[in-house]
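A.B. asks: Predicted model and sequence follow; I will ask about them next.
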Amino acid sequence: PLVWEFLERTFQGLITEREEKYFDYNPNEELILKHFGVVSVENVGLVKNSALCTAFGVVLTYLYETGVNGHISVNEINVYNDSQYMRLDITAVRNLELCETMRSKSKKGSLLWVLDKTKTAMGKRLISNWVKQPLLNIPAINLRQNAVEELVSDVILRGEISENLVGIRDIERIMTKVVYGSANAKDLLNLAFTAEKFPQIKGILSGVNCRMLKEIYNEIDTLEDISSLITDAIDPEACDVVNIIGCKFSVGDDCIAIKSSKIDMAKKYYQLIYQKQSPDNFLQPNTVIKIKIDKVLLNQEQKVAIAN
């Protein structure tokens, strides 16, 4: 129990306890071979009969159990060792105030607070990992420094990249929702909005010189086909302002999702609102929506019919 408390407090994560049989080597090795379609775990960068192989097999088992219809998206394994990064234990990270100050436990005043000028949630996670895992590999350090040097020396390039990164959504989290089948219309529209910025960002990077920035340029997929597919299927401005008993939304929202009505609020305000507004603009339980729309998202608890 003390170990669980320590891990939960330190990593602020949820711990799922497994029986000892989950950590048997043979079934975990078989799962890895089956998942990647290889004849040896060494083909995917793992060491046979190692604790790492067993641990990864347990992770795969968990992902299969929690994935939608048993489908998961794990295509490769990136294995790193202690020679790549400086080993910093929890005490060192705390005493050096890398991510938070010792006194107030806040980010402000820490090294991360000084360095973090990122514009996206993904960038914030990346620079946090960089601060907590300093590189030891000299060529990798030089690659990163060359990229920083080019961005620092080219004010226009840095400014254009920074400007176009503003407003980009957290597509890493969105894609996780997509994989698990829990993404809603708003998530997909955010993905499309972000994808619309990729061509311009890639165009800005087309003239870079350093190797690291060139690799980023080559790896950017503009996702134009995905963006077009989403925007053709979902129109967030498909209807006029609509009053629902207890709440109100308009075409100014990023996306419209109708959830079950608030009965108590409906009873309290029904007479007041209904007398002042046109009945055609109301959505009431067990009634027909008569507005010209293509699509509307309804919570399964909302009992209404839709007529275009």
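C.D. replies: Arrived safely. Numbering: from 1, shown residues only.

A.B. asks: can you map out the strands along this protein?
C.D. replies: For the chain, applying DSSP state E gives strands covering 242-244, 247-249, 257-258, 282-283, 288-289, 297-298, 305-306.

A.B. asks: Report the rounded mean pLDDT for the third one.
C.D. replies: The average pLDDT within strand 257-258 is 48.

A.B. asks: before we move on, what about the last one?
C.D. replies: Per-residue pLDDT values over strand 305-306 give a mean of 42.

A.B. asks: now swap in the fourth one and tell me
C.D. replies: With pLDDT averaged residue by residue, strand 282-283 scores 47.

A.B. asks: Against residue 85, how distant is residue 135?
C.D. replies: Residue 135 sits 6 Å away from residue 85, going by Cβ to Cβ, to the nearest Å. All C-beta atoms are positioned from the backbone trio N, CA, C, and that covers glycine.

A.B. asks: Look up how far residue 203 lies from residue 78.
C.D. replies: Taking Cβ to Cβ, one finds residue 78 at 29 Å from residue 203.

A.B. asks: quick one: which of those two has more around it?
C.D. replies: Taking neighbours as other Cβ atoms under 10 Å, residue 78 and residue 203 compare with residue 203 leading, 14 against 5.

A.B. asks: Can you tell me how far that one is from residue 227?
C.D. replies: With Cβ to Cβ as the criterion, residue 203 and residue 227 are 16 Å apart.

A.B. asks: Surely residue 107 touches residue 97?
C.D. replies: No: with contact defined as Cβ atoms under 8 Å, residue 107 does not reach residue 97; the gap is 10.0 Å.

A.B. asks: OK, contacts around residue 14?
C.D. replies: Residue 14 makes contact with residue 8 under the criterion Cβ atoms under 8 Å, 6 or more residues apart in numbering.

A.B. asks: Repeat that for residue 172.
C.D. replies: 121-122, 125.
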